[in-house]
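Visitor: Fold the following and give me the result.
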Amino acid sequence: MPSTRQIGQNLAKVLGIKLEDPEIDGVTRGNTFVEQQPTSAEWLVEITPSGRDIINYLKSLFPFLFWIRFYNLQWFIGDLVAGITIGAVVVPQGMAYAKLANLPVEFGLYSSFMGVLLYWFFATSKDITIGPVAVVSTVTGTVVANAIKEFPEYADTPWVIASALALISGAIVLFIGLIRCGWIVELIPLVSLAAFMTGSAINIAAGQVPTMMGITGFSTRDSTYLVIINTLKNLGKTDLNAAMGLTALTTLYLIRFSCTWAAKKFPSHHKLFFFLSTLRAVFVILLYTMISWLANMNRREKPAFAILKDVPRGFQHAAVPTINSNIIRSFVSDLPATVIVLLIEHIAISKSFGRVNNYTINPSQEMVAIGVTNVLAPFLGGFPSTGSFSRTAIKSKAGVRTPFAGVITAVIVLLAIYALTAVFFYIPSASLSAVIIHAVGDLITPPNTLYKFWRVSPLEVLIFFVGVFVTVFSTIEDGIYATICISFAVFLFRVLKSRGRFLGRVQVHSVLGDHLVGNDNNLIGEYGTFNISDSSLSPPTRNVFLPIDHGDGSNPEIEVSSPYPGIFIYRFSEGFNYPSASHTLDYLGSHIFAHTRRTRTDTYARPGDRPWNDPGTKKNQEENTSLPTLKAIILDFSSVNNVDVTSVQQLIDVRNQLDRYTTPDVVDWHFACINNRWTKRALVSAGFGYPTPRPDGLHSRWKPIFSVAEIGGPESAAEQAEQEANEKETELRPTLSKPGSVDQSNDTPGPSSASSITQPALKNKVADLVRNGESRRVAVHGLNRPLFHIDLTSALQSAIANVKARDEVEASGGPDIGVTV
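Guide: Here you go, the predicted structure:
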């Protein structure tokens, strides 16, 4: 029965596929190493989950299982304080945000209860508090208002629309989390988030000012600029509501600033002032509720100013959410914006507090938490909820220890739903608007943060203001889309127009204080960095490679010399894939053509044989013979992780173009710092990695240079014996030259016996290493790929050695590869 390999070969013959020669197994034998190419089977094994992976995945869905068994009394005390604190804050905020969502206030309590109750099962953050937030509530309110215009039958039951929106958006987020695609939020840059939060805060505050002032007669759901204009036009219509709203807002800020000042003045009571500042919203709501009760206790039917009135006790709207085609059609266009808002605010907050409090969150698992909350909350009447910045900050400062604090908060909210609804009757609407305005004020990006943005990337500050202006003059959804699209366009343009840099060689010294490191045998032990035992690691000079144009900001007074006449080192800057391949290789070619000349100018016997795009030199103009001919190109792949068909094909095209330019010679292509086996496989398939066969047979005289390393490592017995021998040799060695006297006679980096090996033929590469008891040294990269190098130094060594070898052959009367002018 034929083997799988034979079947594959026969099928390839039928299809006309030219199979490449199989590689030798990638093993180490007798100090040799032949690198094996990756296979599709390996890739399938890597991406196929094992049984252990599936078990770990299932466990990761319930993170509380990893810490709940360690729960103790000390943790409970911290959670109790934080849970009660958040419960006192979330009750007034939840009711206020329900008004933003065009819903009765009790729905804010339902959402708050479900958010804090469910999150702790799935949480990877101890600080996050899920519940109604200003921005999501505003988006929900817009969706509800638009749906009611299209389907007036839902005017009396707007929570049906809100609950359906929560269920559908929650299901989408839950799906993204379950398939572990939390990385999707990384596509949204920080500047988009900042613009979104700032624009939303302005939008929300402007929409609440009319309610706080008692102004009516226009829609607060219009664009922000229209709301501001209409508010200014109707300032004369303010009534007693303004007294309840403005004074409440002033009181909130007075308490905040007073507590901040007192905490600095009396640092020993910092914790006390923190809790007083945290509970300022509760205090203001209770104070103005009492004032409202005194003013309206005898006029419940016609109160002096707007109040909440009846708030149902318990979960009066618990039911299976209504989902039908009309409801889905009413908000399907707003669904992407709703999902984005649910994700970016929560993930950004959780990551931020994770960094501050020294733990790592799992974005995918956080999406599961958001999704489960929004899928189940509608069954009790909840509307879309996500992580709250203000409540999360309070919870963190209150000393929360675990996510279990959410259960305590849920108990507080549950008490409010069943025991405090009679008190809610007298809460002034203007005071609730003041609480909202005060809360969203913290979402505005401060000028100092914008200045830091400017220092990092001035263009992104422009994107920030574009996002804010679009939000103010259009909608929050348009602001989100605008900033994300512009940021992506800028990123794509940068990738498309990216180009690398040509590098030159500079010899540098390391200086410690006024001492040249490695230039003498003095013991430097004060810093514990340099001493006799590692003096061999600190040579007097070393080669570094800098951009020839000093585009990296290096000192322009330093002369960056060419690596070697006719040899170019090119470093990619933004990867090497299909979007950037054409532009970066065009730059590579144009630079080489401008700084070299043809190997032969008599390639074409007659002028008519020349192609139309290569007419040669102008009449009466001689070619610049001072320019070198092209010998070799070294590509630095340190910033390249993967390549694709397009980029490799364009590299092949450039190779062919340059080979015609250097005919009858060929260009040597060296690659340094390749950090991906699949990239090596792609380059090998394109014919790179080993010398190009030449008609004159000079490729058989190739001098490969390979970097080697010790098998045993620095702690091996052989290494210890060698170190002792070096120490004895150091004691017998005469004193080295004085500090500052550096031998710079060697301008060309040659192969180092400690790091590289050079042999005249591939079959003899390792012979010298085995001699003299040096069997511990082996090649770092495969011997079958002599043009793939570990670093730029070894690549340059190899390029120069073989250019010189060809020059020697020519000088001795070998094959004619010289220059004819």
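
Visitor: ok, which stretches of the stretch 401-550 of the chain are strands?
Guide: 501-508, 511-512, 515-516, 542-547 (DSSP state E, counting those that start in this stretch).

Visitor: no wait, the stretch 601-750 of the chain
Guide: Here the stretch 601-750 of the chain has its strands, by DSSP E, counting those that start in this stretch, at 632-636, 668-672, 705-710.

Visitor: The longest one: how far from the chain's middle?
Guide: Distance, stretch centre to chain centre, for strand 705-710: 35 Å (CA atoms, centre = their mean, to the nearest Å).

Visitor: So what's the residue count around G217?
Guide: Other residues near G217 come to 9 when the count uses other CB atoms under 10 Å. In short, each C-beta sits where N, CA and C put it, glycine included.

Visitor: so the residue most central in space within the chain, which of the three states?
Guide: Taking CA atoms, centre = their mean, the centroid of the chain lies closest to E186, which sits 5.8 Å from it. Here E186 is helix, with the state taken from DSSP: H, G, I helix; E, B strand; the rest coil.

Visitor: Let me see the confidence value for it.
Guide: E186 carries a pLDDT score of 85 in this model.

Visitor: With D239 instead?
Guide: For D239, the pLDDT comes out at 92.

Visitor: From K13, how far off is it?
Guide: Going from D239 to K13 by CB to CB, to the nearest Å gives 91 Å.

Visitor: more crowded one of the two?
Guide: Neighbours around D239 and K13, counted as other CB under 10 Å, are more numerous at D239. The numbers are 15 against 11.

Visitor: how about that one, what does it touch?
Guide: Contact partners of D239, counting by CB atoms under 8 Å, 6 or more residues apart in numbering, are 214, 305.

Visitor: Now render the strands of the stretch 601-750 of the chain as JSON lines, adding mean neighbour count and distance to Y154.
Guide: Shown next, in JSON lines, are the strands of the stretch 601-750 of the chain (neighbours: other CB atoms under 10 Å; distance: least, CB to CB, whole Å):
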{"stretch": "strand 632-636", "mean neighbour count": "23", "distance to Y154": "63"}
{"stretch": "strand 668-672", "mean neighbour count": "23", "distance to Y154": "64"}
{"stretch": "strand 705-710", "mean neighbour count": "20", "distance to Y154": "72"}
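
Visitor: Of all the ones you listed, which one is nearest D791?
Guide: When the strands of the stretch 601-750 of the chain are compared by CB to CB, strand 668-672 sits nearest D791, at 5.8 Å.

Visitor: now the closest one and strand 632-636, what's the angle there?
Guide: In terms of direction (axes from the mean of the first three to the mean of the last three CA atoms, to 10 degrees), strand 668-672 departs from strand 632-636 by 20 degrees.

Visitor: List every C-alpha atom in strand 668-672, with coordinates, as PDB.
Guide: What follows is strand 668-672, C-alpha atoms only, in PDB (Å, rounded to 0.1, in the frame of the first residue of the first chain):
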ATOM      1  CA  ASP A 668      24.200  38.300  -2.400                       C
ATOM      2  CA  TRP A 669      21.100  38.600  -0.200                       C
ATOM      3  CA  HIS A 670      21.800  38.200   3.500                       C
ATOM      4  CA  PHE A 671      19.100  38.200   6.200                       C
ATOM      5  CA  ALA A 672      19.700  39.000   9.900                       C
END
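
Visitor: Within the sheet, what are the partner strands of that strand, with directions?
Guide: Strand pairing for strand 668-672, determined by DSSP bridges: strand 632-636 (parallel), strand 788-789 (parallel).

Visitor: Just checking the distance from the strand or helix carrying A242 to the centre of its chain.
Guide: Using DSSP states H and E, A242 falls within helix 240-265. Mean-position distance between helix 240-265 and its chain equals 40 Å (CA atoms, centre = their mean).

Visitor: Tell me which other helices or strands whichever helix or strand comes after that helix touches.
Guide: Helices and strands here follow DSSP H and E; after helix 240-265, the next one along the chain is helix 270-278. Counting contacts by 3 or more CB pairs under 8 Å, 6 or more residues apart in numbering; DSSP states H and E, helix 270-278 packs against helix 73-100, helix 240-265, helix 389-397.

Visitor: what's the closest of the strands paired with strand 668-672 to D665?
Guide: Nearest of these to D665, taken as CB to CB: strand 632-636 at 10.5 Å.

Visitor: Which residues does that closest one contact?
Guide: Strand 632-636 is contacted from outside by 500, 503, 545, 563, 566-572, 588, 592, 658, 667-673, 792, 795-796, 799, 802-803, using CB under 8 Å, 6+ apart.

Visitor: how far out from the middle of the chain is that strand?
Guide: Centroid separation for strand 632-636 versus its chain: 29 Å, with CA atoms, centre = their mean.

Visitor: TSV for the strands paired with strand 668-672, including mean pLDDT and distance to K264?
Guide: What follows is the strands paired with strand 668-672, written out as TSV (pLDDT from 0 to 100; distance: least, CB to CB, whole Å):
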stretch	mean pLDDT	distance to K264
strand 632-636	95	53
strand 788-789	91	59
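
Visitor: In CSV: the ones you listed, plus distance to H509.
Guide: Below are those laid out as CSV (distance: least, CB to CB, whole Å):
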stretch, distance to H509
strand 632-636, 23
strand 788-789, 25
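
Visitor: nearest to I17, of those strands?
Guide: Closest among those, using CB to CB: strand 788-789, at 25.6 Å.

Visitor: Which of the strands paired with strand 668-672 sits closest to A134?
Guide: Closest of those to A134 is strand 632-636, at 49.1 Å (criterion: CB to CB).

Visitor: Send me the closest one as PDB with only the CA atoms.
Guide: Extracted C-alpha coordinates of strand 632-636, given in PDB (Å, rounded to 0.1, in the frame of the first residue of the first chain):
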ATOM      1  CA  ALA A 632      25.400  42.500  -1.400                       C
ATOM      2  CA  ILE A 633      22.300  43.500   0.400                       C
ATOM      3  CA  ILE A 634      21.700  42.800   4.100                       C
ATOM      4  CA  LEU A 635      18.100  42.900   5.200                       C
ATOM      5  CA  ASP A 636      17.400  43.400   9.000                       C
END
